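[1] next input, structure requested:
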Amino acid sequence: MTAQMPEAKSNRFTKYFPMVLEALRSADPTPMRPAEVLSWIRSKMEVAEDDLTRRIEGGSQSIFENDVHWARFYLVKAGLISKAKRGVWALTPEGRAARLTAEETWSLYVRIRDAARLGASRPEEDLPAPDADEGDVDAGRSYWFTGSVWDEGDQLPRFLQEGIWTNGYEDQFNEIVLKMKPGDRIAVKSSFVQKHRLPFDVGGKPVSVMRIKATGIVLENLGDGQTVRVAWDPPAQPRDWYFYTYRTTIIEADIEQEDARRLIDFTFRGQAQDYAWWLAQPYWVRKYGTKPGVAVEVSASPAEAIPEEEVSEAEEEMPYGIDDIIAEGCFLARERLAEMLERWKTKKNLILQGPPGTGKTWLAKRLGFALVGSNDRETARSRLRVVQFHPSLAYEDFVRGWRPSGDGKLTLADGVLMQAIDAASSEPDRPFVLVIEEINRGNPAQIFGEMLTLLENTKRRPAEAIELAYRNPEKPDERVHIPANLFVIGTMNVADRSLAIVDLALRRRFLFIDLEPQFGQAWRDWCGARGFSAESCAEIETRIGALNAEIAASVSLGPQYRVGHSYVTPDVDENVLDGAAWFRAKVETEIGPLLDEYWYDATETAQKARIKLLTGFA
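    As a prediction, the model looks like this:
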């Protein structure tokens with residue numbers, strides 16, 4: 001290692017002069033990327049913890065990174081390191097022969113400093129190093145959080161040994177892996193849920209946790225969508241991060257979001273997580289009902305967490321999918337439901353439209369359950385919101401507006417949409433759903449306001465953020481965007497005369513799917529399992545089919561006024577003892593009044609249709 005130079009003839013970064021040369025000499029004649037040099041130096045000498053975690057003022061790189069780049073700057077000026085190729089460091093012939101003593105190091109520093117007139121009111125070491133972006137210290141850098149557990153088990157030991165990170169799936173995440181570039185930071189994490197021994201008090205409720213197991217710098221992308229070379233940082237004790245977590249195999253942190261920036265500081269710069277800050281944020285206050293300043297002491301370190309306290313994210317919720325929708329009474333084909341979900345995931349916004357009784361709201365909620373993966377009450381309450389539009393609903397109710405407070409004053413309050421945006425932004429790796437019933441019963445353009453523009457799936461990113469009509473006074477620079485993990489599904493009754501023509505701007509941003517009255521074998525099997533005879537099922541299907549044909553042919557009505565299957569479908573736990581009596585009650589109390597409304601100016605037609613439904617049915 002380097003000899004210690006006199007205190008009067010040293011500063012913080014000159015000690016790295018010989019180390020940088022030694023690092024490059026270890027790989028010579030192959031050049032090294034800055035990340036490799038940094039990793040080599042850390043493996044050969046002890047670097048102060050403060051230098052690794054504290055950032056240089058005016059820059060995003062750590063003190064250590066900045067000092068090494070200052071050393072490289074001087075060695076380039078001295079002709080010992082070549083500047084021929086951007087982004088890599090290589091020795092010159094003079095550099096290969098140089099073996100700097102402490103005195104020679106200081107002499108070289110003073111000579112270059114004075115010749116370049118680098119003296120300033122502040123020491124150089126407190127300023128960002130020149131051309132640091134050439135070393136990919138921070139310019140254009142991305143921050144990746146990745147998994148390491150595949151079917152074969154945890155691959156982290158192999159990754160650390162081989163200096164790589166590999167995507168464990170051949171047909172997933174390939175396009176994302178291709179975006180990783182030299183100089184990016186990478187972390188290996190695992191996610192789980194913890195209820196006990198938390199470093200804060202949330203009343204025993206489960207909290208999402210992300211364990212940071214290793215960090216490093218990407219050196220090279222092999223271009224196969226699978227593997228990147230990594231200069232891993234020296235092994236360190238795993239650290240646990242709470243609340244804002246990622247579960248997918250690979251995800252890029254959004255540095256434009258304060259939540260993500262805090263995670264980056266924790267992961268790559270060693271900063272502590274400020275639990276009080278998180279517990280004071282509106283979304284977490286709503287979820288946990290906690291207040292800032294409730295942190296408690298925890299005796300065990302994160303690495304010592306008891307295994308049975310950890311529950312995988314997948315186990316946290318009761319899985320819910322297409323098969324569950326069918327089991328609860330949906331008569332659409334499985335393939336049709338799968339297509340709906342896939343198209344919704346792509347477009348982000350979906351409207352189910354159809355005649356009354358076709359199960360639009362029922363299906364919208366269950367598609368939402370399938371998207372979030374659970375119909376568990378607690379999960380649904382926090383990740384699936386339901387609102388109904390009506391003529392008196394306004395922007396101030398749905399987005400943000402002034403409302404009376406308990407002290408007789410007005411306070412600025414977020415509506416359902418802003419609360420949903422806040423929730424989705426707070427847990428970016430989880431899908432959130434907003435169900436809007438009767439979306440065309442209100443005035444969508446007025447209710448959404450400027451947020452209608454942000455709904456578009458191509459604008460679901462921070463770069464498209466805009467100012468709201470009502471700014472949060474506590475956030476004067478606030479700009480809002482709708483995150484990509486917030487999915488909106490609406491319902492539309494096409495038979496309601498009171499509804500205005502849907503705004504074309506709304507139509508362009510939503511995918512529309514038509515629901516039809518669903519009769520057939522699936523419907524008959526459902527009814528038969530709840531007490532109906534095969535004859536009764538066939539008779540009901542025939543009579544409703546004839547009624548719908550008459551409605552569709554009516555000049556004053558049309559297909560959009562047909563009667564949906566929901567009117568004549570028993571509930572999941574209903575046991576029908578007398579099918580004829582059950583059908584008669586449905587006609588007299590539900591279908592009959594609907595027909596009276598349809599033919600309000602032709603009561604005889606409505607009465608004849610009612611009689612046709614009931615005559616001879618026993």
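[2] please compute how far the host helix or strand of residue 488 lies from its chain's middle.
    Element membership of residue 488, judged by DSSP states H and E, is strand 486-493. Its chain's C-alpha centre and that of strand 486-493 lie 19 Å apart, by Cα atoms, centre = their mean, to the nearest Å.
[3] with stretch 425-438 instead?
    With Cα atoms, centre = their mean as the basis, stretch 425-438 stands 10 Å off its chain's centre.
[4] show me where pLDDT drops low in this protein?
    1-10, 57-60, 84-87, 115-126, 128-140, 290-318, 496-503, 618 (pLDDT under 70).
[5] next, name the residue at the spatial heart of it.
    Nearest to the centroid of the C-alpha atoms of the chain, with distances taken as Cα atoms, centre = their mean, sits residue 428, at 2.4 Å.
[6] check contacts around that one.
    Applying Cβ atoms under 8 Å, 6 or more residues apart in numbering to residue 428 gives the contacts 244, 246, 251, 254, 257, 259-260, 483, 485. For glycine as for every other residue, the C-beta is placed from the backbone atoms N, C-alpha and C.
[7] now, those residues that are in helices?
    Secondary structure defined by DSSP state H assigns 259-260 of these to helices.
[8] could you dump the contacts of residue 428 to TSV with neighbour count?
    Formatted as TSV, the contacts of residue 428 follow (neighbours: other Cβ atoms under 10 Å):
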residue	neighbour count
244	25
246	26
251	18
254	20
257	17
259	19
260	19
483	22
485	19
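[9] ok, so of the contacts of residue 428, who is nearest residue 531?
    For the contacts of residue 428, the minimum distance to residue 531 (Cβ to Cβ) is 42.9 Å, reached by residue 485.
[10] residues in contact with that closest one?
    Applying Cβ under 8 Å, 6+ apart, the residues contacting residue 485 are 424, 427-432.
[11] from these, which is closest to residue 575?
    Distances from residue 575 to the contacts of residue 485, taken by Cβ to Cβ, are shortest for residue 431, at 36.0 Å.
[12] which strand or helix spans residue 320?
    Assigned by DSSP H and E, residue 320 belongs to neither a helix nor a strand.
[13] count of residues packed around it?
    Applying other Cβ atoms under 10 Å, we find 21 residues neighbouring residue 320.
[14] check contacts around it.
    Contacts of residue 320 (Cβ under 8 Å, 6+ apart): 369-370, 372-375.
[15] can you turn the buried part of those residues into a PyMOL selection?
    PyMOL command restricting these to the buried ones, with burial defined by 16 or more other Cβ atoms under 10 Å:
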select buried, resi 369+370+372+373+374+375
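[16] I'd say residue 457 and residue 348 touch.
    Yes. Judged on Cβ atoms under 8 Å, residue 457 makes contact with residue 348 at a distance of 4.2 Å.
[17] what sits in contact with each of these two?
    Counting by Cβ under 8 Å, 6+ apart, the contacts common to residue 457 and residue 348 are residue 484.
[18] neighbour count winner among the two?
    Comparing residue 457 with residue 348 by other Cβ under 10 Å, the one with more neighbours is residue 348, at 23 against 15.
[19] any idea how far the more buried one is from residue 479?
    Look at residue 348 and residue 479: by Cβ to Cβ, to the nearest Å, they are 20 Å apart.
[20] give me the neighbour count for the closest residue to residue 334 other than its chain neighbours.
    In space, residue 334 comes closest to residue 322 once its chain neighbours are excluded; the distance is 5.7 Å by Cβ to Cβ, 6 or more residues apart in numbering. By other Cβ under 10 Å, the residues close to residue 322 number 19.
[21] quick one, longest strand in this structure?
    Criterion DSSP state E: the longest strand present in the chain is strand 207-221.
[22] relative to the whole chain's centre, how far out is the following helix or strand past it?
    As assigned by DSSP H and E, the chain's next helix or strand after strand 207-221 is strand 227-232. When distances are taken as Cα atoms, centre = their mean, strand 227-232 is centred 25 Å away from the chain's centroid.
[23] by contact count, what packs against strand 227-232?
    Contact here means 3 or more Cβ pairs under 8 Å, 6 or more residues apart in numbering; DSSP states H and E; on that basis strand 227-232 packs against helix 34-44, helix 156-162, strand 164-166, strand 207-221.
[24] what's the following helix or strand past the shortest one in contact with?
    If you walk from strand 164-166 toward the C-terminus, the next helix or strand you reach (DSSP H and E) is helix 174-178. With contacts defined as Cβ under 8 Å, 6+ apart, helix 174-178 is touched by 167, 221, 223, 225-228, 250-252.
[25] switch the cut-off to 7 Å
    Contacts of helix 174-178 from elsewhere in the structure, counted by Cβ atoms under 7 Å, 6 or more residues apart in numbering, are 167, 221, 223, 225-226, 250.
[26] what do you get for stretch 74-81?
    Residues from elsewhere that reach stretch 74-81 (Cβ under 7 Å, 6+ apart): 17, 20-21, 72, 83, 89-92, 94-95, 98, 108-109, 112, 116.
[27] let's see 10 Å
    With Cβ atoms under 10 Å, 6 or more residues apart in numbering as the test, stretch 74-81 has contacts from 13-14, 16-18, 20-21, 24, 31, 71-73, 82-83, 89-98, 100, 105, 108-109, 111-113, 115-116, 118, 124, 129-131.
[28] same thing with stretch 600-612?
    Residues external to stretch 600-612 that are found in contact with it (Cβ under 10 Å, 6+ apart): 543, 546-547, 550-551, 554, 556, 563, 587-588, 591-599.
[29] going through these, which ones are buried?
    The neighbour count (16+ other Cβ under 10 Å) marks 543, 547, 551, 563, 587, 591-592, 594-595, 598-599 as buried among these.
[30] from those, which is closest to residue 153?
    Using Cβ to Cβ, residue 563 comes nearest to residue 153 of these, at 56.6 Å.
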